[in-house]
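A.B. asks: Output the structure for:
(chains A and B)
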Amino acid sequence: MNLTTGENFLFFGIISITTILIRFLPFLLFPENKKTPKYIEYLGRVLPFTIIGMLVVYCLKDVSVISYPFGLPEALAILVIIILHVWKSNTLLSIGVGTVLYMILLQFVF
Amino acid sequence: MNKRTSALKAAFPLTIPVMTGYLVLGAAFGILMNSKGYSYFWTIFASLFIYAGSMQFVAVSLLTMGFHPFYACMMTLMVNARHLFYGVSMLSKFKGTGSYKPYLIFGLTDETFSVLCVAEPAEGVDKGKFMFFITLLNQIYWIVGSVLGCLLGSLIDFNTRGIDFVLTALFVVIFVNQWKAAKSHTPVLIGVGTSIVCRILFGAGKFIVPSMAVILLFVSFLQKKIDREVAK
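C.D. replies: Predicted structure coming up:
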């Protein structure tokens, strides 16, 4: 640790306050007691569906498909999760089996 | 059973996948902080007041570059920009949650957002309390995880390689649920397609902000079509 205590407070404090500000901004711009613009309401309805897709890609952002193992462990595990979840619709089962399968593939197969 | 207990009971099962992920990732953060010479105090401070997983990891790598407050602020804006979308998505869901609202907003991480997205409290369960407990439990897991990481340090080497995939799995499951529930698949396809293309074009570190811009452009452009499909 090379920073002084004061510098550390400033450093972590700035990151904390910036994060909080970003999270609060939409709620400050569109408070409950005022009518939210129709367009923003529309975004509120649609964005959840776009973001989850973005989050899946975000989780896989460091996977390379052009070098070994070509994203195969991820692809296989996700495929199993999708099939299992469409079939059984059991959240914990899908997540549990998918994760354990991924760990086995990563540690013992690839 | 009082209102608080019933809300807690309804919330807990939904947070189990997040618990697994946050304990492990939180521990990884604690171990990392420990290896840089940071005590419990700073680890808990970060998990308590920043509480944004990926940003906390980025913060550690920023620390190694010395003290640059302005750079830290700009980096945070870029890494956490996606949270603007979460806020807009939750504007109506958080309505009427009163004194719980500030904490619900503060604790809106990727994982909490994704759980809240699909979680509906059963009848008779208070919505505000229900969402509050989901948020609170998740942050507790994160803090406990990071403290555990400090404790373990590099002493024990479990072969937990790949266990952080539990969070990817959580998002995939929610993705499937949304796909089944969605009346229009256009937004889902826009989200995935845009992010993949932007990831290829801009690289792993810089694709979120351009993705958000292009997603906004697409959903705005297609508003009439999507609204018609969703309204059915």
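
A.B. asks: Does anything pack onto the lowest-mean-pLDDT helix or strand in chain A? Which helices or strands?
C.D. replies: Lowest on mean pLDDT, DSSP states H and E among the helices and strands of chain A sits helix A:38-59, with a mean of 86. With contacts taken as 3 or more C-beta pairs under 8 Å, 6 or more residues apart in numbering or on different chains; DSSP states H and E, helix A:38-59 sits against helix B:83-90, helix B:110-118, helix B:165-181, helix B:186-202, helix B:208-221, helix B:223-231. Just so you know, the C-beta spots here come from the backbone N, C-alpha and C atoms, and that holds for glycine as well.

A.B. asks: hey, least reliable of these by pLDDT?
C.D. replies: Here the lowest mean pLDDT among those goes to helix B:223-231, at a mean of 82.

A.B. asks: which strands and helices sit next to it?
C.D. replies: helix A:38-59, helix B:186-202.

A.B. asks: mind listing the helices for chain A?
C.D. replies: In chain A, the helices defined using DSSP state H lie at A:5-29, A:38-59, A:72-88, A:91-104.

A.B. asks: Report the contact partners of residue A:23.
C.D. replies: B:80, B:83, B:86, B:87, B:105, B:106, B:108 (C-beta atoms under 8 Å, 6 or more residues apart in numbering or on different chains).

A.B. asks: For residue B:71, give its distance to residue B:182.
C.D. replies: As judged by C-beta to C-beta, to the nearest Å, residue B:71 and residue B:182 stand 40 Å apart.

A.B. asks: Looking at the two, which has the bigger crowd around it?
C.D. replies: When residue B:71 and residue B:182 are compared on other C-beta atoms under 10 Å in any protein chain shown, the one with more neighbours turns out to be residue B:182, at 16 against 13.

A.B. asks: pretty sure the more buried one contacts residue B:191?
C.D. replies: No. Under the contact definition of C-beta atoms under 8 Å, residue B:182 does not touch residue B:191, with a separation of 11.0 Å.

A.B. asks: List the buried residues for the strand or helix carrying residue B:74?
C.D. replies: Using DSSP states H and E, residue B:74 sits within helix B:69-79. Using 16 or more other C-beta atoms under 10 Å in any protein chain shown as the test for burial, helix B:69-79 gives B:72, B:75, B:76, B:79.

A.B. asks: follow-up on the earlier one: just the contacts of residue A:23 now: which is nearest chain A?
C.D. replies: Chain A lies nearest to residue B:87 out of the contacts of residue A:23, by C-beta to the nearest C-beta, at 3.1 Å.

A.B. asks: quick one: contacts for that closest one?
C.D. replies: A:23, A:24, A:25, A:26, A:27, B:105, B:108.

A.B. asks: do you know which of the helices of chain A lies nearest residue B:96?
C.D. replies: Among these, the nearest to residue B:96 by C-beta to C-beta is helix A:5-29 (13.1 Å).

A.B. asks: Next, the contact list for the closest residue to residue B:184 other than its chain neighbours, please.
C.D. replies: Excluding the flanking residues, the one nearest residue B:184 by C-beta to C-beta, 6 or more residues apart in numbering or on different chains is residue B:229, at 3.4 Å. If you count contacts by C-beta under 8 Å, 6+ apart, residue B:229 has them with B:183, B:184, B:186.

A.B. asks: Please indicate which of these are buried?
C.D. replies: So, by 16+ other C-beta under 10 Å, the buried ones in these are B:184, B:186.

A.B. asks: Was I right to think residue A:15 contacts residue B:77?
C.D. replies: No. With contacts counted by C-beta under 8 Å, residue A:15 stays clear of residue B:77, the gap being 10.2 Å.

A.B. asks: need the contact list for residue A:56.
C.D. replies: B:168, B:171, B:172, B:175, B:192.

A.B. asks: Give the residue spans of chain A that score low on pLDDT.
C.D. replies: A:1 (pLDDT under 70).

A.B. asks: Spatially, what comes nearest to the residue most central in space within chain B if we skip its sequence neighbours?
C.D. replies: Central residue of chain B (C-alpha atoms, centre = their mean): residue B:110, 1.5 Å from the mean position. Of all residues not flanking residue B:110 in the chain, residue A:55 sits nearest, at 5.9 Å (C-beta to C-beta, 6+ apart).

A.B. asks: Pull out the buried residues from the least confident helix or strand of chain A.
C.D. replies: Within helix A:38-59, judged by 16+ other C-beta under 10 Å, the buried ones are A:40, A:42-59.

A.B. asks: Output the contacts of residue A:56 in TSV; the columns should cover neighbour count and distance to residue B:199.
C.D. replies: Below are those laid out as TSV (neighbours: other C-beta atoms under 10 Å in any protein chain shown; distance: C-beta to C-beta, whole Å):
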residue	neighbour count	distance to residue B:199
B:168	24	15
B:171	26	15
B:172	26	17
B:175	23	16
B:192	17	11
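
A.B. asks: show me what contacts the spatially most central residue of chain A?
C.D. replies: By C-alpha atoms, centre = their mean, the mean C-alpha position of chain A lies nearest to residue A:55, the distance being 3.9 Å. Taking C-beta under 8 Å, 6+ apart, we find residue A:55 in contact with B:110, B:114, B:171.

A.B. asks: same thing with residue A:98?
C.D. replies: Neighbouring residues of residue A:98 by C-beta under 8 Å, 6+ apart: A:77, A:78, A:80, A:81, A:84, B:165, B:169, B:172.
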